[in-house]
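Peer 1: Here is a sequence with its predicted model. Questions after.
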Amino acid sequence: MKKLFDKRKKELTTITFSILSFILLILPSISHSQQMESGSGIQNPLKGITSITGFVSVLLGYVVRIGAVVAVFAFIYSGYLFVKARGNPKELETAKTVFINTVIGVAVLLGAQLIATIIVGTINNIKG
């Protein structure tokens, strides 16, 4: 009885996997080919972004926003470590390391934004 149950379970799993594969792989390509036949073409999913420089600017803006939030929490955590250390030299060293790494991370993040802004500005000036 157990073998029969295991065999049916395996068959059911195979059938389910096959149906899901069909839905996920075949149907989107059919839908895409119908769009191409109707003349609608491929739509740009990035509203308002028409160039690589615009994409880099928007992407980097999001990265900086997320990085700023992470940096705030990292500074709060390093402050907590300083308070928790209570003069213990080993724990103070850990707190200093976390603080210095946070400062370096913020500097790298802002430096990347500065470099990208300079590159995008230069490319836009060259285009004329």
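Peer 2: Sure thing, it's come through.

Peer 1: Show me what counts as buried in stretch 100-110.
Peer 2: 102, 106, 109 (16 or more other CB atoms under 10 Å). Every C-beta, even on glycine, is put in place using the N, C-alpha and C of the backbone.

Peer 1: how close does the last one sit to I49?
Peer 2: Just to be clear, that refers to L109. Look at L109 and I49: by CB to CB, to the nearest Å, they are 22 Å apart.

Peer 1: what do you get for the first one?
Peer 2: Taking CB to CB as the measure, T102 and I49 are separated by 32 Å.

Peer 1: Helices - which of the buried residues of stretch 100-110 land there?
Peer 2: 102, 106, 109 (DSSP state H).

Peer 1: My guess is the first one contacts I76. True?
Peer 2: So the one you mean is T102. No. T102 sits out of contact with I76 when judged by CB atoms under 8 Å, with a separation of 9.8 Å.

Peer 1: coming back round to it: ok, so of the buried residues of stretch 100-110, who is nearest T14?
Peer 2: Nearest to T14 among the buried residues of stretch 100-110, counting by CB to CB, is L109 at 48.3 Å.

Peer 1: Not counting its neighbours along the chain, what's nearest that closest one?
Peer 2: Leaving out its chain neighbours, the residue that sits closest to L109 by CB to CB, 6 or more residues apart in numbering is G67, at 4.5 Å.

Peer 1: Now do the contacts for the one you found.
Peer 2: G67 makes contact with 105-106, 109 under the criterion CB atoms under 8 Å, 6 or more residues apart in numbering.

Peer 1: Please produce CSV containing the ones in helices among the buried residues of stretch 100-110, extended by distance to Y62.
Peer 2: Formatted as CSV, these follow (distance: CB to CB, whole Å):
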residue, distance to Y62
T102, 20
V106, 17
L109, 12
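
Peer 1: Among the residues you listed, find the lowest-pLDDT one for me.
Peer 2: Note: of those, the lowest pLDDT belongs to L109, at 90.

Peer 1: you'd agree that residue is up against V69?
Peer 2: No. Using CB under 8 Å, L109 makes no contact with V69, being 11.3 Å away.

Peer 1: F17 versus E11, what's the distance?
Peer 2: 11 Å.
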